[in-house]
Structures are given as C-alpha cells and as structure tokens.
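Engineer: model this:
(2 chains)
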2 protein chains.
Amino acid sequence: MVTPILTVDTVLLTIVDSELCVALHQREAAPFAGHWALPGGFIHTHEDDSAKAAAARVLEVKAGVRSPYLEEFGTFSGPVRDPRGWSMTVVYFALVPVVSQAAAMFPVNQLPNLPFDHSQIVSGVVQRVRSKASYSSLPVFLCPTEFTIAELHATYEVVQNEAINIANFRRKLADLDVLEPVPGALRTAGRSRPSQIYRLKKRYKDALSVRERGI
Amino acid sequence: MVTPILTVDTVLLTIVDSELCVALHQREAAPFAGHWALPGGFIHTHEDDSAKAAAARVLEVKAGVRSPYLEEFGTFSGPVRDPRGWSMTVVYFALVPVVSQAAAMFPVNQLPNLPFDHSQIVSGVVQRVRSKASYSSLPVFLCPTEFTIAELHATYEVVQNEAINIANFRRKLADLDVLEPVPGALRTAGRSRPSQIYRLKKRYKDALSVRERGI
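Structural biologist: Numbers count the residues shown, from 1 in each chain, chains lettered A, B, ... in the order given. All right, here's what the predicted structure looks like:
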C-alpha cells in the first residue's frame, strides 16, 4: 500500500489598502519551483505536536507571522492534486492586522495562477471567513491591538465586501460583547468629535464570540 | 523524516429507542485488538478518490451503511494518540435513520472506554451536531424517507436533548423549507386527527438547509 503524501497549507489573510489579501510564498522546490503558492510544508514528526502546530511553524518560517487565531478549514485530498502522487493537505487559516516583509500579499480577487488546488482552497477559505464574519467577532483579528468602532466597521465591510449599516453594526457588536474601552484613549480625526478607542477583552485574544443572528 | 500514520475515522449516528447512538466496531488488529472503537482505517490510495471516499468505504465495509450525508468534522493528530507513532486521523460524521445488523450501536452518553482519542472525537461530533441542529435541517437525516412533523419534532428533541416548543418548531421548519408533503399520504395514530406525511425535497437529499436564527 502506497503511503499518502501529507502536508499542511496556510491561508494567511490581512487587509492592505482596504482590500482583503492573502499571503503567497515563492516555492523553492519542485514541483512548481518558482511559482507563487500558499505557504505550506510537510509535518515534522520530530518537532510538531499536531498538524496545527505544523501550520503555526510554517506561518512563522515562511511568512514571518505568529497568528493568535488559527483555525482548521478542512482537508483536500486525492490522487491527482499533487503530481508526486496521492496526497492530503490540512488547510488552516489565520487573520492578522499586519504582515512582515517576508510575506507577499495578493488581493484575494486578483491572484496569480496557483499550483495544486490552491485557488480552490483560497476561495473556500474566503467564503468561510465571509460567512463566519456575519455572526462572529472573527474580523477583529484583522485590526491592530487598539481601534475605533469606525475602523472595525470598515474592516467588517472589507471582509463582507458590502456596506453594513452602522447603527445595526453597533447593536450587534454590543451583543458579541468582545470589546472594552481603553481607559482615557480617544482618537481625533479632522473636525469630528474624538472617538473612543477599544481593544479586545482578554478572553477573546485568541477565541471567537459568536451570536445567533447575523451581523 | 518519519512519515505520519494517516487514517480516517467515522462517527455514525442514529436514534435507537429515543436515544442518540453511535456505531462502534470491534477492532480486529493491534493496537487495541478486541476493543470497541470508531469504524476507521487507512486510506487505500489505489481505490479511494479522497479521504471522504475512504470514510464512505469504511462505513460500508465496517458498519454496512451508505450515508447520503457525510461531513468532515476535522483532524486529530500528534505524537501520542496512537502507540504506533505520530498519527493523524480525519474524522467524518454521518446521520442515518437505521443501521444494519453489522453495526453495534451505543448511546452516546453510555460509551465503553474507547482507545486512542475516540471518546474525545465522539464528544466533539455530538456537540457539533447539537449546535448545527439548532440552525439547520441536519436531524432530518435521522428520519426515514417519510415522516410526520411530530416525528421530526421528536427527532430534534432527541438530538438537542431538550424540549422544543412545537409552534416555534413548525415556524422555523417552514423557514428551512426542506420538506414537501407526500401527496395523499396521511398517518392515523389513535383517535387524533390524521397527520400529513412529509419527505425531503430532492435537492436536500444529501445537503443541508441552514437558517440564520436558531431552532
């Protein structure tokens, strides 16, 4: 019996210039050497405690990022997705406010041709993130440590790729109950009234809050 | 580099005597030969088109079941879960109305000691199914081809493990819009008014309908 090839791949999302972007990495080894692809690699059984740990290691080595939020998306497998033979990859996705110079970011709507089934993987993750954003605090992980409600609202709009009524947004955000005001911190933009600055409550630093009704 | 052991495991759920039950299979080979465990096995790269296909094959061979609904739950992996070495299993769950004699069914709340991390896997799947039942048509797959609303209501109550207001249930079921009446089919029970018999609409035979608010 032939042993399947087993890898992990990561979909690292962030916002650049109001566009949802994904990190790609130029492959060094065959197959597809030199091509842009999702940061991924083999599981190192001598150092990885789990597939998720392998994904965290790959993100750090290939994209220079430690993401507080890392979720398993699912597996992709079969005899034809990798020219080397029957293979399975476990896909994880991460959302971060900024990425280091190590990673090249591409808008999710303008990707180069990707090898394997990586285009399908990115589409699937973007769809999952959009859907999950509609009822959870997920997009908060795209914001820096401190932000205003207007900034978070803009982030949700980029993720959802649609306008979101600000009054509804404030009410639903209150339901999620993930934010706390940073004491005494206000931001002034132009002539408008100074805005309170918020941060995530400690228990949501690496976890989601989920509500029953969509945002 | 040591290659990880890669398997699939299946959590097959059905209702027996108003209790949610899971199929267990007596292991033939080491490790844990003779122990009850989830039906699982290696991927056969010469015949399985995907990990999901491997799970469907395992269900058919070890539990005598073809499930129209089969969903990936997630992976479990690491250096210590299998005494043979670093391993990963991809877990799938299925819901069926009845099971063949091939499978032994155990109430999910009264399981024997299970090897590997199988107890944790069953708990995780039951939690996922309960949560998903609250906003989708998932429990319908536990019903036979034709059923009354009262029967479906009872099925939801078993899955959710709580009483569900019947009027709310009817309204939310209408939202899901997955059922059609079987023309001219009525069921009479005792002295009560005959009940219309329903079936799944064709497009939901192997797919879910999901609503924004919980059932």
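Engineer: From here on, just use CA atoms for contacts and neighbour counts.
Structural biologist: OK.
Engineer: Please enumerate the strands of chain A.
Structural biologist: Assigned by DSSP state E, the strands in chain A fall at A:5-16, A:19-26, A:36-37, A:40-42, A:70-78, A:87-95, A:104-107, A:179-187, A:195-200.
Engineer: Which neighbouring elements make contact with the longest helix along chain A?
Structural biologist: Using DSSP state H to define each element, chain A has its longest helix at helix A:118-133. Packing partners of helix A:118-133 (3 or more Cα pairs under 8 Å, 6 or more residues apart in numbering or on different chains; DSSP states H and E): helix A:149-160.
Engineer: what comes into contact with the helix it packs on?
Structural biologist: Contact partners of helix A:149-160, identified using Cα atoms under 8 Å, 6 or more residues apart in numbering or on different chains, comprise A:15, A:18-20, A:129-130, A:133-134, A:139-140, A:142-143, A:163-164, A:166, A:169-170, A:196-198.
Engineer: tell me the angle it makes with strand A:195-200.
Structural biologist: Between helix A:149-160 and strand A:195-200, the angle comes out at 60 degrees (axes from the mean of the first three to the mean of the last three Cα atoms, to 10 degrees).
Engineer: Model confidence at the closest residue to A:Thr188 other than its chain neighbours, what's the number?
Structural biologist: In space, and not counting its chain neighbours, A:Thr188 is closest to A:Pro194: 4.4 Å by Cα to Cα, 6 or more residues apart in numbering or on different chains. A:Pro194 carries a pLDDT value of 88.
Engineer: cool, A:Arg213 as well?
Structural biologist: pLDDT, A:Arg213: 54.
Engineer: Pull up the pairing partners for the helix-or-strand element of chain A with minimal mean pLDDT, direction included.
Structural biologist: Within chain A, no helix or strand scores below strand A:179-187, which has a mean of 90 by mean pLDDT, DSSP states H and E. Looking at strand A:179-187 with DSSP bridges, its partner strands are strand A:195-200 (antiparallel).
Engineer: what sits up against the partner strand?
Structural biologist: Contacts for strand A:195-200 (Cα under 8 Å, 6+ apart): A:140, A:145-149, A:178-182, A:185-188.
Engineer: and it, how far out from the chain's middle?
Structural biologist: 22 Å (Cα atoms, centre = their mean, to the nearest Å).
Engineer: Only the buried residues of it, if you could.
Structural biologist: By 16 or more other Cα atoms under 10 Å in any protein chain shown, the buried positions in strand A:195-200 come out as A:196-200.
Engineer: who's in contact with the closest residue in space to A:Glu72 that isn't next to it in sequence?
Structural biologist: Excluding its sequence neighbours, the residue lying closest to A:Glu72 (Cα to Cα, 6+ apart) is A:Tyr92, at 4.3 Å. Applying Cα under 8 Å, 6+ apart to A:Tyr92 gives the contacts A:8-11, A:52, A:55, A:70-74.
Engineer: wait, which of those residues is closest to chain B?
Structural biologist: A:Gly74 (6.3 Å; Cα to the nearest Cα).
Engineer: hey, what's that closest one bridged with?
Structural biologist: Applying DSSP bridges to A:Gly74, the residues it is bridged with are A:Val91.
Engineer: pretty sure it is touching B:Glu71, no?
Structural biologist: No: if you go by Cα atoms under 8 Å, A:Gly74 and B:Glu71 don't touch, sitting 10.5 Å apart.
Engineer: A:Val96 - nearest residue in space that isn't next to it in sequence?
Structural biologist: That would be A:Leu142: by Cα to Cα, 6+ apart, it lies 4.8 Å from A:Val96.
Engineer: For chain B, see how far away the one you found is.
Structural biologist: Using Cα to the nearest Cα, to the nearest Å, A:Leu142 is found at 24 Å from chain B.
Engineer: from what I can see that residue touches A:Tyr69, true?
Structural biologist: No: in this structure A:Leu142 lies outside contact range of A:Tyr69 using Cα under 8 Å: 10.1 Å.
Engineer: which residues are in contact with both of the two?
Structural biologist: With Cα under 8 Å, 6+ apart as the test, A:Leu142 and A:Tyr69 both reach A:95-96.
Engineer: Domain-wise, how is chain A divided?
Structural biologist: A:5-107, A:138-204 (automatic domain parsing).
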